[in-house]
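Peer 1: Provided below for reference: sequence and predicted model.
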Amino acid sequence: MLTAFARAFKTPDLRKKLLFTLGIIVLYRLGAHIPIPGVSYEAVQTCVDAAQKGNSSLFGLVNMFSGGALLQITLFALGIMPYITASIILQLLTVVIPRLEALKKEGQSGQTKITQYTRYLTVALAILQGTGLVATARSGALFQGCPTASSIVPNHSMFTTITMVITMTAGTAVVMWFGEMITDKGIGNGMSILMFVSIAAGFPGTLWSIKEAGSLAGGWINFGGVILIGFVMVGLIVFVEQAQRRIPVQYAKRMVGRRSYGGTSTYIPLKVNQAGVIPVIFASSLLYIPALIAQFSSSTSGWKTWIQDNFVKGDHPYYVTAYFLLIVFFAFFYVAISFNPEEVSDNMKKYGGFIPGIRAGRPTAEYLSYVLNRITWPGSLYLGLIALAPTVALASYGGAGNAIGGTSIIIIVGVGLETVKQIESQLQQRHYEGFLR
């Protein structure tokens, strides 16, 4: 593997892409440490240090996706979450709005238009989330229990608030541009690479905090145990993410003029985890809503206390049960909107393809739906268990449950595999051995 990596840097155009990607990553991490105007850096650092020693924050998942920049209220505090949210919303609306569905079927020109809509929605969400973050920081609710939380934003004037929101929105636009530049001129999917970097940036500090949480000997035992469990989880995730059910497809031989077409065999790859990590993001976002409403509510009624007791801590049985059920539900929901058996069946029939033993048309669509439902069940259960097990196990270590949770490991392993595959394919085009032998 090291030899293949050296050959990748010896290839001029591939070396240029790798160095460009690394340069964007450096700029991204630099922007994640630049405070925005109007924020007291000393007060933020005091509260961040106190939060790392205490319980996990309500904004733990969003902070993880921003590489720790959210709680420090930096230039890239919002990270790529507005873009991810906008992309998911556009994917859902494509099924509901006929105009977007027609654009999706137009090919490259339609996809360009959808990408433009995603950018506009990203900026709108960045303004909304930036305003919410500034309001939370001004009220002192961003760090509950921190004595300097109310002095994070010393100046409460309208001009300062607008400046902070505009700065964070501009930072989100720059992050979105970074991701698109990596996709266009670098290696891998830009947004996935930035997400990978954001999550990986918090790993060393979290692992060290686990070591510091115990005694001298016990701390190292906890550290080694977490590392061992992490390797086991990585192996399991790689195994399941690569697992797929291959449905054979045969194309009939046909003559067009004097040329012969078809007569080939291929397959439809249906992954066990067809939905990826999106159900986890959906479920996490939905469970944040009642906690946020309770946090900003001035009422002292029983419902607010019940939500704060049961839906803020990630290890509470009510929270764990609701989280698991939502992940399973959204796994089926996302697979249903992203894979259309009727459309696949019609395309196969149009080009003379059929599944051996299954008639073309409606029986093929019913067979694909049957197979998809059967493999989605184990995929959704795996996703729920992987997302929850580390979070519950590391609940006593505060924010470690978010930083080294199943969600972060799934994203890191998935992005790593896809990036290595892209580098490998480019090496093989130049008659070199790839990373994977």
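Peer 2: Sure thing, it's come through.
Peer 1: all strands for this structure, in order.
Peer 2: For the chain, the strands defined by DSSP state E occupy 244-251, 254-256, 259-261, 265-271, 353-354.
Peer 1: for those, which one sits closest to Val44?
Peer 2: strand 265-271 (41.6 Å; Cβ to Cβ). Quick note: C-beta positions are derived from backbone N, CA and C, even for glycine.
Peer 1: okay, the strands of the chain, which one's buried deepest?
Peer 2: Highest mean neighbour count among the strands of the chain (mean count of other Cβ atoms under 10 Å): strand 353-354, with a mean of 20.
Peer 1: alpha carbons of stretch 181-201, as PDB, please.
Peer 2: What follows is stretch 181-201, C-alpha atoms only, in PDB (Å, rounded to 0.1, in the frame of the first residue of the first chain):
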ATOM      1  CA  MET A 181     -13.600  22.600  -5.800                       C
ATOM      2  CA  ILE A 182     -12.400  19.300  -4.300                       C
ATOM      3  CA  THR A 183     -15.000  17.400  -6.300                       C
ATOM      4  CA  ASP A 184     -14.000  19.200  -9.500                       C
ATOM      5  CA  LYS A 185     -10.200  19.400  -9.200                       C
ATOM      6  CA  GLY A 186      -9.300  17.100  -6.400                       C
ATOM      7  CA  ILE A 187      -9.800  13.500  -5.300                       C
ATOM      8  CA  GLY A 188     -13.100  12.100  -4.000                       C
ATOM      9  CA  ASN A 189     -16.400  13.800  -3.200                       C
ATOM     10  CA  GLY A 190     -15.600  17.200  -1.700                       C
ATOM     11  CA  MET A 191     -18.400  17.400   0.900                       C
ATOM     12  CA  SER A 192     -17.700  13.900   2.100                       C
ATOM     13  CA  ILE A 193     -14.000  14.700   2.400                       C
ATOM     14  CA  LEU A 194     -14.700  17.800   4.500                       C
ATOM     15  CA  MET A 195     -17.100  15.800   6.600                       C
ATOM     16  CA  PHE A 196     -14.400  13.200   7.100                       C
ATOM     17  CA  VAL A 197     -11.900  15.800   8.100                       C
ATOM     18  CA  SER A 198     -14.300  17.500  10.600                       C
ATOM     19  CA  ILE A 199     -15.100  14.200  12.400                       C
ATOM     20  CA  ALA A 200     -11.500  13.000  12.400                       C
ATOM     21  CA  ALA A 201     -10.300  16.300  13.900                       C
END
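Peer 1: re earlier: okay, the strands of the chain in a markdown table with mean pLDDT next?
Peer 2: Below are these laid out as a markdown table (pLDDT from 0 to 100):
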| stretch | mean pLDDT |
| --- | --- |
| strand 244-251 | 86 |
| strand 254-256 | 65 |
| strand 259-261 | 64 |
| strand 265-271 | 85 |
| strand 353-354 | 82 |
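Peer 1: in TSV, list the ones you listed along with distance to Ala6.
Peer 2: Output for the strands of the chain, formatted as TSV (distance: least, Cβ to Cβ, whole Å):
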stretch	distance to Ala6
strand 244-251	32
strand 254-256	48
strand 259-261	44
strand 265-271	32
strand 353-354	43
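Peer 1: which one of these lies nearest to Leu142?
Peer 2: strand 265-271 (38.5 Å).
Peer 1: quick one on the thing from earlier: who wins for proximity to Val234 among the strands of the chain?
Peer 2: strand 265-271 (17.8 Å).
Peer 1: that closest one: how far from the chain's middle?
Peer 2: Centre-to-centre, strand 265-271 and its host chain are 26 Å apart (Cα atoms, centre = their mean, to the nearest Å).
Peer 1: shouldn't Ile278 be in contact with Ile89?
Peer 2: No: Ile278 lies out of contact with Ile89 (Cβ atoms under 8 Å); the separation is 11.8 Å.
Peer 1: circling back: the strands of the chain: which one's closest to Met191?
Peer 2: strand 265-271 (19.9 Å).
Peer 1: strand partners (parallel or antiparallel) of the closest one?
Peer 2: strand 244-251 (antiparallel) (DSSP bridges).
Peer 1: touching the partner strand from outside, list them.
Peer 2: With contacts defined as Cβ atoms under 8 Å, 6 or more residues apart in numbering, strand 244-251 is touched by 262-272, 348, 351-356, 368, 371, 375.
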